[in-house]
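In: I would like the atomic coordinates for the input below:
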Amino acid sequence: MSEVMAIEGIASDLARLHGYHTEIRVPYIKADSTKNSPGDIDVLGINQHGETIAIECKAFGEPYAYPNWNTERRTSDIRGYIEELVHDCGDILDTRFEHVDSIDEIWIVFKGFFASEEDPRRTVVKRSREAFTNELEAEFGVSIRLLPSHVLIQELIETVAIDMDFRRRRYASPAMEMVRHLCAVALHRPEEISTISDSLMEISDRD
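Out: Numbers count the residues shown, from 1 in each chain. As a prediction, the model looks like this:
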């Protein structure tokens, strides 16, 4: 499984926990008739109220790379991803979504961080993630979330921790089941979570 496919799966899991029926890699006809090849939405979801969500997932670089996305090039890329979903997405080529004619919410999930003014690793900070999100929402007229992958994982943990109290059974998704298992460890053996955290922090000592 590629890195971006793994991120797509986690993003799909989180959207499902928020009440969306989701599918991965949903094809569509591009609105510009001069473009013959179809596009695809990394994750497309619809909830019981008919509200739709489209998620675009991006991962670049070496396995240990975790780049800053608060740069002119990367923020321009983000704007381009949203532009394509809002203006270039024509008919959906999946009968489960054949009645979808607009997107209500867009998530852009990326492997990396969005540097702030307080971040010691920042390069040139043009705007905060919140300010950039507000700018994009005003420009495109849809609800937008910019999710670095560590935020995506954190939200999955927080959401599963709440959901598992009501669900009381295991998940089909390996990622969600791993998170459920970690939550169980935290409940019954919290000291072991510190051990897991220490193992992860040892990686930072390699630099």
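
In: now stretch 21-29: buried residues?
Out: By 16 or more other CB atoms under 10 Å, the buried positions in stretch 21-29 come out as 22-24, 26, 28-29. C-beta coordinates here come from the backbone N, C-alpha and C atoms, glycine included.

In: hmm, I typed the wrong one, I wanted stretch 133-151.
Out: Buried-residue list, stretch 133-151, by 16+ other CB under 10 Å: 133, 136, 140, 142, 144-149, 151.

In: which of the three states applies to D119?
Out: Assigned with DSSP: H, G, I helix; E, B strand; the rest coil, D119 falls in the coil class.

In: isn't it up against S128?
Out: No: look at D119 against S128 with CB atoms under 8 Å: they stay out of range, at 10.6 Å.

In: okay, strands next: where are they in this protein?
Out: Applying DSSP state E to the chain gives strands spanning 21-30, 39-46, 52-58, 89-92, 105-110, 143-148.

In: partner strands of the second one and their direction?
Out: Paired strands of strand 39-46, with direction, are strand 21-30 (antiparallel), strand 52-58 (antiparallel) (DSSP bridges).

In: repeat that for the shortest one.
Out: For strand 89-92, the pairing partners within the sheet under DSSP bridges are strand 21-30 (antiparallel).

In: so what's the closest residue to M5 other than its chain neighbours bridging to?
Out: In this structure, M5 finds its nearest non-sequential neighbour in I24, 8.0 Å apart by CB to CB, 6 or more residues apart in numbering. For I24, the beta-bridge partners under DSSP bridges are V43.

In: likewise the one 4 residues further on?
Out: Counting by DSSP bridges, Y28 is bridged to G39, I92.

In: what's the longest helix along the chain packed up against?
Out: Of all segments of type helix in the chain, defined using DSSP state H, the longest is helix 149-167. Applying 3 or more CB pairs under 8 Å, 6 or more residues apart in numbering; DSSP states H and E, we find helix 149-167 packed against helix 3-17, strand 105-110, helix 174-188.
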